[in-house]
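Chemist: I'd like to go over a predicted model; first the sequence, then the structure.
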Amino acid sequence: MTPTSPMTPTERRLQALGPRLRRQLDRLYGIAATEAIWPRLVDLLSARAAERSATLVAIDEARLADPDWFVAPDMLGYSSYVDRFGGTVNGVIDRVGHLEALGVRYLHLLALLKAREGDSDGGFAVADYLAIEPRLGTMTDVERLAERLRKGRISLCVDLALNHTADDHRWAQAARAGDPYYRDFYHVVPEAAVRSYEADLAQVFPTTAPGNFTYVPAMGGWVWTTFYPFQWDLNWANPEVMLAIVDTMLRLANHGIEAFRLDSIAFLWKQPGTDCRNLPHAHHIVRALRAALDIVAPGTLLKAEAIVPTAFVPPYFGTDEGADWNGGFEPECHLVYNNSLMVAGWVGLAEQSAALPDAIIRASGGLPRAANWLTYARCHDDIGWGAVIGDLAGIDADPVARLKEAARLIEGGNGSWARGEPFQSDGSALHGTNGMLASLAGLETATDDAERELACRRIALLNALSIASGGLATLYMGDEMGLLNDHGYRTDPDRAHEGRWLHRPEMDWGASDTPVARRIADDLARLRAARIASGGAGAPAAIATGSSAVLGIACGSDRVFLNFSGKDVAIAPDGHGNDRLGGTVSGDTCILGPWQTLWLGSAA
């Protein structure tokens with residue numbers, strides 16, 4: 001008898017995790033359809049695994065041995081557009097030293113893949129998943145960047161748009177040309193069906209792209225376009241779409257990409273009579289992708305961009321289905337944006353109250369192993385106030401009115417120090433607010449040292465909320481320097497219609513040595529050092545403070561207190577401690593100044 005060859009690590013993982021992958025496919029497509037595609041999927045997984053480099057395989061093995069590697073006190077992230085940060089991918093390589101100086105361990109490069117010609121929703125209308133935007137560089141450049149980042153212990157994350165492709169993607173072009181195989185990659189419906197669906201669907205961009213469908217004569221019907229008319233929604237009910245995206249994801253991972261931000265995943269599954277958001281099959285799709293990744297590239301992370309009400313967010317980490325098997329928890333994404341906490345921070349500043357931040361912290365516990373929140377003060381998108389309506393309803397009988405008032409203040413109303421601008425609204429309706437962290441926190445309106453001091457405190461407060469709450473705290477480009485709103489987009493005809501360019505400025509590297517930039521960088525360094533010293537990472541826990549204006553968070557061995565008001569507030573911490581941010585020792589009573597953060601470690 002010929003001895004049986006030992007199984008490879010990939011074969012062992014396929015044997016162990018294949019049932020989890022098949023289970024998701026069965027739920028999506030049925031057993032017969034899964035049987036039909038399974039041999040092709042196994043061949044695909046085996047082929048991509050065989051192409052994986054020895055360096056990446058070694059990373060996989062190390063992270064399998066330490067599945068909580070990214071749930072660590074020193075994990076700090078950074079998010080940026082390539083062109084705004086370094087001009088090109090090679091320009092980013094030249095700036096890695098800046099990231100290392102900040103202590104960054106995770107770099108999310110936005111809209112890196114090749115986008116459609118003309119308007120592309122800021123690069124999120126992808127024309128080719130496997131090519132880099134030509135003006136930014138090549139895939140070879142990205143591999144060089146990934147290698148340089150790994151030397152600095154920094155993982156590279158890119159966006160993977162799962163809900164849609166650009167209308168000039170080769171799949172869309174083939175569909176438009178009459179290829180039935182690729183036509184079935186998209187949703188094309190008759191006008192009567194459009195009216196029926198629209199009755200239950202909300203609008204993402206009611207001002208600039210109203211409606212959810214676009215008539216395309218070459219397709220003989222209305223194409224589902226949740227976002228912009230040039231972004232065609234993929235038909236995930238077609239298993240060929242699953243095969244194509246799995247292949248795409250694994251090929252990208254083999255280029256050295258260590259994390260994927262899964263764009264707009266709440267919208268993936270379409271079902272008549274629903275709002276087509278957060279449906280169970282959307283989770284089954286992502287869990288299938290996770291299983292495929294765990295088989296071939298297990299050192300790679302999935303991050304959920306699910307900007308939805310708080311109650312709908314935890315399932316994106318995974319869940320125990322229970323109904324059709326008895327195997328327990330099924331993992332989904334390693335990281336999930338804690339968008340509600342970001343919004344709550346701005347509501348807290350506007351109201352000078354810690355009530356909503358406290359409620360969100362209390363709703364953010366109970367994470368599974370090898371999972372964490374991604375926390376942040378600002379990002380490339382607007383502040384979407386509607387995500388916390390349900391949370392605020394437990395505090396106020398009229399949460400919408402309360403959020404409108406918070407938005408009005410952050411948009412400069414009522415004599416406020418903030419300088420945000422309404423997004424997709426004239427300000428009368430509740431939608432979103434645009435603006436850079438520094439401008440929203442009052443730095444743009446500050447006219448003297450006292451006002452600049454208060455603005456810097458508000459910036460530090462929101463960064464402290466992100467860092468102390470235990471998530472992978474991620475800075476947004478320019479916020480570490482206090483860059484202000486960029487009003488120049490209004491004179492650019494390609495960008496003038498899209499208000500989010502207000503907070504997508506080019507990096508002003510000359511601003512890195514201003515007094516304000518040095519102050520913000522010093523505050524960030526102190527906050528990061530405090531978290532490392534505390535040993536804190538993972539799910540946050542709220543602690544009582546005795547003040548409606550002060551939020552208390554347990555971070556590792558430490559206690560952190562954040563004063564959301566513009567007044568002095570006295571609190572009585574339970575026990576003494578050393579302030580890791582200021583070096584003073586607290587007594588029985590502590591006075592927190594306006595917008596001050598107090599980080600209490602153990603007493604010396």
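Modeler: That came in fine, so what should we check first?
Chemist: For Gly211, give me phi and psi.
Modeler: According to degrees, to the nearest 10, the main-chain angles of Gly211 amount to phi 80, psi 170.
Chemist: wait, isn't it in contact with Glu198?
Modeler: Yes. Using Cβ atoms under 8 Å, Gly211 is in contact with Glu198, at 6.8 Å. In this view, the C-beta of every residue, glycine as well, is placed from N, C-alpha and C.
Chemist: Check the average confidence over stretch 94-109, would you?
Modeler: Mean per-residue pLDDT for stretch 94-109: 98.
Chemist: Return the list of helices and strands in contact with whatever helix or strand Ala292 lives in.
Modeler: Using DSSP states H and E, Ala292 sits in helix 280-296. Other helices and strands packing on helix 280-296, by 3 or more Cβ pairs under 8 Å, 6 or more residues apart in numbering; DSSP states H and E, are helix 9-29, helix 31-51, helix 239-253, strand 301-304, strand 318-319, strand 330-331.
Chemist: let's go with 6 Å and repeat that
Modeler: helix 9-29, helix 31-51 (3 or more Cβ pairs under 6 Å, 6 or more residues apart in numbering; DSSP states H and E).
Chemist: Switch those over to JSON lines; also include mean neighbour count and distance to Ala175.
Modeler: Output for these, formatted as JSON lines (neighbours: other Cβ atoms under 10 Å; distance: least, Cβ to Cβ, whole Å):
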{"stretch": "helix 9-29", "mean neighbour count": "18", "distance to Ala175": "20"}
{"stretch": "helix 31-51", "mean neighbour count": "15", "distance to Ala175": "20"}
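Chemist: Relative to Tyr81, which of those is closest?
Modeler: Tyr81 lies closest to helix 31-51 among the helices and strands packed on helix 280-296, at 28.4 Å (Cβ to Cβ).
Chemist: If we go by neighbour counts, what in the next helix-or-strand element following that closest one is buried?
Modeler: As assigned by DSSP H and E, the chain's next helix or strand after helix 31-51 is helix 54-65. Within helix 54-65, the residues that qualify as buried are 56-57, 59-60, 63, counting by 16 or more other Cβ atoms under 10 Å.
Chemist: Let's have those in a markdown table, adding pLDDT and distance to Asp168.
Modeler: Formatted as a markdown table, the buried residues of helix 54-65 follow (pLDDT from 0 to 100; distance: Cβ to Cβ, whole Å):
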| residue | pLDDT | distance to Asp168 |
| --- | --- | --- |
| Leu56 | 98 | 31 |
| Val57 | 98 | 36 |
| Ile59 | 98 | 35 |
| Asp60 | 98 | 35 |
| Arg63 | 98 | 37 |
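Chemist: rewinding a little: and the helices and strands packed on helix 280-296: which comes nearest Val400?
Modeler: helix 9-29 (35.8 Å).
Chemist: Keeping just the C-alphas, turn that closest one into CSV.
Modeler: What follows is helix 9-29 as a C-alpha-only set of coordinates in CSV (Å, rounded to 0.1, in the frame of the first residue of the first chain):
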residue,chain,number,x,y,z
PRO,A,9,-2.1,23.0,6.9
THR,A,10,-4.6,24.3,4.4
GLU,A,11,-6.0,20.8,3.9
ARG,A,12,-6.4,20.4,7.6
ARG,A,13,-8.1,23.8,7.9
LEU,A,14,-10.4,22.9,5.0
GLN,A,15,-11.3,19.7,6.7
ALA,A,16,-12.0,21.5,10.0
LEU,A,17,-13.7,24.6,8.6
GLY,A,18,-15.2,23.4,5.4
PRO,A,19,-18.4,22.4,7.2
ARG,A,20,-18.8,25.9,8.5
LEU,A,21,-18.3,27.3,5.0
ARG,A,22,-20.8,24.8,3.4
ARG,A,23,-23.4,25.6,6.1
GLN,A,24,-23.4,29.3,5.1
LEU,A,25,-23.7,28.3,1.4
ASP,A,26,-26.6,25.9,2.2
ARG,A,27,-28.4,28.7,3.9
LEU,A,28,-27.9,31.0,1.0
TYR,A,29,-28.4,28.8,-2.0
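Chemist: Since that was my last question, I'll sign off now.
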